[in-house]
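Peer 1: give me the fold of what follows.
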Amino acid sequence: MPQTLSSAAHSELLIKKSRFIACVQPMTDRAAAQQVVAGLRAAHPGAAHVCWALLAGGQSAAVDDGEPSGTAGRPMLDVLRHQDLEGVLATVVRYFGGVKLGAGGLVRAYTDCVAQALLGATKVAIVRRRTLRCAVPYALEGRLRRELDMAGAALEEVRHDALVELVFSLPEEHAPALLARLQEAGQGRIVWPAASESATDMPLRRAPGGAAGIC
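Peer 2: Numbering: from 1, shown residues only. As a prediction, this is how the structure comes out:
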C-alpha cells in the first residue's frame, strides 16, 4: 500500500566541506512544490543549488538545478519510489565547499541526504476513498445516518428538498458492504443519481498537504 508523510522531516550532511540540507514533506502538486522551492531559494541566497524531486503521479518532477544531469533530482526521486511513497516532495539545499565530488559522489550525497531525512519521517498509508450521493425520503434519513455512522463514513453534505440529498465518503474497500445494507434498508426507495460517485486517494490519517512552507 502506498504511503505519504504526516509532516516534514529534515537531515543535514557535511561531505568534503559541502553542506547538504534536506527536507521531505507531504505535497500534492507541482505548483505547490515550486512555491516551496522558491521559498528555499529566498531563505538560502548563498546556496549553490536547490535540487528537488516530487513524487505525485502526473505531477512528478526531478530537478538538478545546475548539478550535472542525473546526479541530484533523479536519484532523489528514486529514493521516494523505492520507499513506495506518493505525494511527497524532497528538497536538498547545497552549499558548495570548494571540493568537487564527481558524478558518483553527488548521487550518493543527494541519495543519502534524502534517505536520512526519511528515517525521521512518520509515514501514513494512503487509502482510496469513494464519494457517493443519494436521495432518500425524510422517513429514511435517520436510518441512513445510522448506517453511515456504523460504517465509519464521513457525511460531507446534506440538503433538504423534496427528498433528503446526502453526500458521503468512505474507504473504497468498505463501500460494497455499505451499499448492500443501504439497498436492503431502503427497499428500493433510495435514489442514486447518475454519475453519483467519485474516488480519491486520501491519507489514512489526514496529513498536511499543499504548500507546507519552507522547511
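
Peer 1: end-to-end on stretch 74-90?
Peer 2: End-to-end distance of stretch 74-90 (C-alpha to C-alpha, to the nearest Å): 11 Å.

Peer 1: mind listing what's buried in it?
Peer 2: By neighbour count with 16 or more other C-beta atoms under 10 Å, stretch 74-90 contains the buried residues 74-80, 83, 85-90. Placement of C-beta: from N, CA and C, glycine included.

Peer 1: again, but for stretch 119-136
Peer 2: Buried-residue list, stretch 119-136, by 16+ other C-beta under 10 Å: 121, 123-124, 126-127, 129-136.

Peer 1: now do stretch 174-182
Peer 2: In stretch 174-182, counting by 16+ other C-beta under 10 Å, buried: Ala175, Leu178, Leu179, Leu182.

Peer 1: now secondary structure and pLDDT too, for these, in JSON lines please.
Peer 2: Formatted as JSON lines, the buried residues of stretch 174-182 follow (DSSP: H, G, I helix; E, B strand; the rest coil; pLDDT from 0 to 100):
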{"residue": "Ala175", "secondary structure": "helix", "pLDDT": "88"}
{"residue": "Leu178", "secondary structure": "helix", "pLDDT": "90"}
{"residue": "Leu179", "secondary structure": "helix", "pLDDT": "89"}
{"residue": "Leu182", "secondary structure": "helix", "pLDDT": "88"}
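
Peer 1: same list, the residues you listed, but as CSV with distance to Phe168 please.
Peer 2: Formatted as CSV, the buried residues of stretch 174-182 follow (distance: C-beta to C-beta, whole Å):
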residue, distance to Phe168
Ala175, 10
Leu178, 9
Leu179, 11
Leu182, 10
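
Peer 1: and stretch 186-194, how far from the chain's centre?
Peer 2: 34 Å (C-alpha atoms, centre = their mean, to the nearest Å).

Peer 1: show residues contacting that stretch.
Peer 2: Identification of contacts with stretch 186-194 by C-beta atoms under 8 Å, 6 or more residues apart in numbering yields Leu132, Arg133, Cys134, Ala135, Val136, Pro137, Leu140, Leu144, Leu163, Leu182, Gln183.

Peer 1: narrow these to those in strands?
Peer 2: Using DSSP state E, the subset of the contacts of stretch 186-194 located in strands is Leu132, Arg133, Cys134, Ala135, Val136.

Peer 1: distance of the first one relative to Leu106?
Peer 2: To Leu106, Leu132 is 49 Å away according to C-beta to C-beta, to the nearest Å.

Peer 1: then Arg74?
Peer 2: Distance from Arg74 to Leu106, by C-beta to C-beta: 11 Å.

Peer 1: and Cys134, what are its bridge partners?
Peer 2: Here Cys134 sits in beta bridges with Leu166, going by DSSP bridges.

Peer 1: alright, calling it a day.
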